[in-house]
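# Okay, here's the prediction I keep looking at, along with the sequence it came from:
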Amino acid sequence: MRREPFGMSAGASRLSAPERASEGGSRYRLRDLFTPLDTLLVSGGDPRLALDARDRVNAYGCAAAPEPEIWNFASSTASTISQAAYDRAALAREELMHKCLFDEVEIAFDARCESMRDELRGHFQLSPRVDVVFSPSGTDSQLHALFVARVVLGAPPVTIVVGADQTGSGTTHTALGHHFSSMTASGLAVRKDAAVAGLAGASIAQGAPVLLQIMDASKLGWRAPSAACLDEIARRWPRKVQIVVDACQARLGRRRLRSYLDRGYLVLITGSKFFGGPAFSGALLMPKGFSRSLDRVEAIAPGFFDYAGRCDWPMAWTILRSRFERRPNFGQWLRWEAALAEIGSYYAVPGAFRARALAELAAGIDSMIALSPSLRPVPAGIGKVGVDDEEFAQTTIFPFLLLRDGKPISIAETGAVHQALARDMNEEIGGSTADRQVAAQRCLIGQPVRLERQDEAPLAILRLCVGARLVTEIWSPDMVQARRNLQHVLDRVADVLVKIELLLDRGAAAPVPAKSAFEV
């Protein structure tokens with residue numbers, strides 16, 4: 001198998017993980033940071049980050065640099081990077097370059113990552129005793145959670161995933177301790193769905209403990225199971241079940257997030273969904289008390305070394321960190337820097353305004369979807385809400401089916417409409433000047449999600465999404481201006497829906513293969 005870790009020049013020696021760990025960080029040269037910023041931002045991840053050779057966008061239709069002319073309502077999938085986030089990443093790189101003039105690259109990089117942990121805890125109002133383990137994506141963090149659960153539970157667990165059809169496509173692989181892509185973020189070519197050496201293998205029949213992955217919230221905005229169900233599980237099987245919360249959408253209140261950690265749950269989070277940072281940026285949030293077990297672990301699955309580097313772990317975990325390779329992932333770091341710019345801007349907006357803005361956006365979008373003859377809303381939401389949901393008691397993902405003559409269109413055509421929304425369709429649609437203007441506007445919405453139906457063919461659902469950046473853009477201490485900003489966003493939503501109507505009416509979107517229509 002071939003490895004080219006980011007930051008390692010071609011032709012460097014191929015060593016085992018322990019050998020690489022002891023070799024030191026000297027080969028990570030300052031010159032690696034002089035790579036163009038756009039290139040760095042899409043480095044250090046799996047193939048989903050790769051840019052298409054023709055359109056220069058990734059698998060989610062997002063470029064590496066800001067594209068303010070594109071309207072973004074796709075935060076359930078991925079977002080284009082904002083100018084503010086891009087500028088923060090550029091500044092962070094400059095600052096690290098300066099630090100590296102006086103310290104080794106790894107020392108300076110480690111300190112920067114540690115400061116990001118503090119900043120993330122501050123934004124979420126978490127205790128300093130909550131540990132943050134960074135990763136290239138939420139999918140990578142699922143493997144991190146599996147590694148942690150093996151240590152804490154004392155045996156390889158069976159993973160049970162709640163709402164498996166509404167989480168990332170890689171979860172079917174990570175739940176088994178298998179590779180979820182053809183290449184790891186560290187640059188190792190692997191066989192997708194093959195076992196990660198030493199990380200796979202367990203069955204309930206053998207009496208294995210359980211890693212229960214719950215959902216808060218799913219691709220369609222749902223949460224499951226209920227708190228009462230989780231309490232019953234804890235009562236019946238104490239110390240046999242470790243719960244990990246899939247909060248990768250980041251659509252939950254800070255009080256709710258803290259409550260999960262207080263209960264001893266692991267939490268998966270990303271900066272690239274609701275918060276609108278560039279794809280991918282993952283993290284595993286760990287409650288107090290876990291670090292002691294992890295820092296004493298003796299055996300580490302050999303295949304897991306390919307999914308984590310030394311700098312991903314908190315600096316206080318000296319023993320565990322020493323087992324891993326010095327492998328600064330500059331792409332992962334810069335994507336998190338960009339995401340933190342968005343998270344900080346969002347929480348700088350007063351809480352009451354955030355809640356009111358999300359409520360008014362939800363009311364407006366619900367109304368527009370209901371009035372459209374070609375859209376049928378699909379039930380969404382988090383179920384029963386409580387005070388700890390804060391502003392996320394409001395709906396932020398709006399799923400719908402596309403109709404023609406009152407019947408859902410095919411999966412292939414739904415995928416075609418989704419792709420056509422991201423293109424200038426002025427020539428294909430034609431018509432009046434107003435129609436052509438709407439058709440020319442490029443916009444991103446959530447990629448199709450497969451909806452299974454009993455005894456009927458599956459359907460594809462599209463999603464309009466409200467993300468943190470919309471709230472940030474609407475905010476103004478001048479309430480008259482804030483009202484104008486809100487109306488501007490709703491006007492954009494109306495134009496997106498009109499473009500969908502035009503695409504369906506004119507048949508301007510060429511169908512795409514069904515397999516490529518769904519979220520990757």
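Noted; the coordinates are in hand.
# Okay, strands next: where are they in the stretch 251-400 of the chain?
Per DSSP state E, counting those that start in this stretch, the stretch 251-400 of the chain carries strands over the ranges 266-270, 282-286, 375-377, 397-404.
# With respect to S259, which of those lies nearest?
Taking Cβ to Cβ, strand 266-270 is the member of these nearest to S259, at 10.4 Å. For every residue, glycine as well, the C-beta is placed using N, CA and C.
# angle of that closest one against strand 282-286?
150 degrees (axes from the mean of the first three to the mean of the last three Cα atoms, to 10 degrees).
# D295: what's it in contact with?
317-320 (Cβ atoms under 8 Å, 6 or more residues apart in numbering).
# Weed out the non-buried ones from the residues you listed.
317, 320 (16 or more other Cβ atoms under 10 Å).
# between the contacts of D295, which is closest to S293?
L320 (10.0 Å).
# I figured that closest one hits S293, correct?
No: in terms of Cβ atoms under 8 Å, L320 does not count as a neighbour of S293; the distance is 10.0 Å.
# and the closest residue to S141 other than its chain neighbours, how many neighbours does it have?
In this structure, S141 finds its nearest non-sequential neighbour in G282, 4.0 Å apart by Cβ to Cβ, 6 or more residues apart in numbering. For G282, the tally of surrounding residues (other Cβ atoms under 10 Å) stands at 28.
# How about the one 5 residues further on?
Per other Cβ under 10 Å, the neighbour tally for P287 reads 19.
# What distance do you get for it to L361?
33 Å (Cβ to Cβ, to the nearest Å).
# just the helices in the stretch 101-250 of the chain please.
With DSSP state H, counting those that start in this stretch, the ranges of helices along the stretch 101-250 of the chain come out as 105-124, 138-153, 171-174, 227-236.
# Ok, which of those comes nearest D55?
Taking the helices of the stretch 101-250 of the chain one by one with Cβ to Cβ, helix 138-153 is closest: 23.7 Å.
# Show me what the closest one packs onto, helices and strands only.
strand 131-135, helix 171-174, strand 210-216, strand 241-247, strand 266-270, strand 282-286, helix 290-295 (3 or more Cβ pairs under 8 Å, 6 or more residues apart in numbering; DSSP states H and E).
# so how far is that helix from its chain's centroid?
With Cα atoms, centre = their mean, to the nearest Å as the basis, helix 138-153 stands 17 Å off its chain's centre.
# Next, the buried residues of it.
Per 16+ other Cβ under 10 Å, helix 138-153 contains these buried residues: 138-153.
# Distance-wise, check the residue in the chain sticking out farthest from the centre relative to E501.
Here the chain reaches farthest from its C-alpha mean at S432, the gap being 39.2 Å by Cα atoms, centre = their mean. According to Cβ to Cβ, S432 stands 13 Å off from E501.
# Please tell me the pLDDT value assigned to the closest residue to V57 other than its chain neighbours.
Nearest non-adjacent residue to V57, counting by Cβ to Cβ, 6+ apart: A63, 5.2 Å away. We have a pLDDT of 96 for A63.
# ok, now K515?
51.
# now S367
97.
# ditto for the one 5 residues further on
Model confidence at S372, given as pLDDT, is 95.
# Quick check: it touching L502?
No: in this structure S372 lies outside contact range of L502 using Cβ under 8 Å: 11.9 Å.
# These two: which has the busier surroundings?
More crowded of S372 and L502, by other Cβ under 10 Å: L502, with 22 against 18.
# Surely that one and I429 touch.
Yes: counting by Cβ under 8 Å, L502 does reach I429; the two are 5.1 Å apart.
# would you turn the helices and strands packed on helix 138-153 into JSON lines with distance to A234 and mean pLDDT?
Shown next, in JSON lines, are the helices and strands packed on helix 138-153 (distance: least, Cβ to Cβ, whole Å; pLDDT from 0 to 100):
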{"stretch": "strand 131-135", "distance to A234": "22", "mean pLDDT": "98"}
{"stretch": "helix 171-174", "distance to A234": "23", "mean pLDDT": "94"}
{"stretch": "strand 210-216", "distance to A234": "10", "mean pLDDT": "96"}
{"stretch": "strand 241-247", "distance to A234": "7", "mean pLDDT": "97"}
{"stretch": "strand 266-270", "distance to A234": "14", "mean pLDDT": "98"}
{"stretch": "strand 282-286", "distance to A234": "18", "mean pLDDT": "98"}
{"stretch": "helix 290-295", "distance to A234": "17", "mean pLDDT": "87"}
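# Next, format these as JSON lines and append distance to A78.
Formatted as JSON lines, these follow (distance: least, Cβ to Cβ, whole Å):
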{"stretch": "strand 131-135", "distance to A78": "16"}
{"stretch": "helix 171-174", "distance to A78": "17"}
{"stretch": "strand 210-216", "distance to A78": "19"}
{"stretch": "strand 241-247", "distance to A78": "17"}
{"stretch": "strand 266-270", "distance to A78": "10"}
{"stretch": "strand 282-286", "distance to A78": "13"}
{"stretch": "helix 290-295", "distance to A78": "30"}
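# Taking strand 397-404 as reference, get the angle to the longest helix along the chain.
As assigned by DSSP state H, the longest helix anywhere in the chain is helix 479-506. Orientation note: helix 479-506 sits at an angle of 30 degrees relative to strand 397-404 (the same axes, to 10 degrees).
# How much space separates L266 from D306?
21 Å.
# neighbours of R354, just the number please.
21.
# Let me know whether it touches T472 as I believe.
No: the criterion here is Cβ under 8 Å, and R354 misses it with T472 at 9.3 Å.
# Find residues that contact each of these two.
With Cβ under 8 Å, 6+ apart as the test, R354 and T472 both reach Y346.
# wait, A439 sits on E428?
Yes: applying Cβ under 8 Å as the test, A439 and E428 come out as touching, 7.3 Å apart.
# Which one's more surrounded, those two?
A439 (25 against 16).
# residues touching that one, list them.
A439 neighbours (Cβ under 8 Å, 6+ apart): 424-426, 428-431, 499, 502, 508.
# got the contact list for the nearest residue in space to it that is not next to it in sequence?
The shortest distance from A439 to any non-neighbouring residue, by Cβ to Cβ, 6+ apart, is to I429 (3.9 Å). Going by Cβ under 8 Å, 6+ apart, I429 touches 435-436, 439, 502-503, 506, 508.
# Show me the helices in the stretch 251-400 of the chain, by range?
Going by DSSP H, counting those that start in this stretch, the stretch 251-400 of the chain shows helices at 254-262, 290-295, 318-322, 330-348, 351-371.
# how many other residues sit next to P68?
P68 has 9 nearby residues by other Cβ under 10 Å.
# how about the nearest residue to it, chain neighbours excluded?
That would be Q83: by Cβ to Cβ, 6+ apart, it lies 6.6 Å from P68.
# sorry, back to before: a markdown table please, covering the strands of the stretch 251-400 of the chain and showing distance to G415.
A markdown table is the format used below for the strands of the stretch 251-400 of the chain (distance: least, Cβ to Cβ, whole Å):
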| stretch | distance to G415 |
| --- | --- |
| strand 266-270 | 24 |
| strand 282-286 | 26 |
| strand 375-377 | 16 |
| strand 397-404 | 11 |
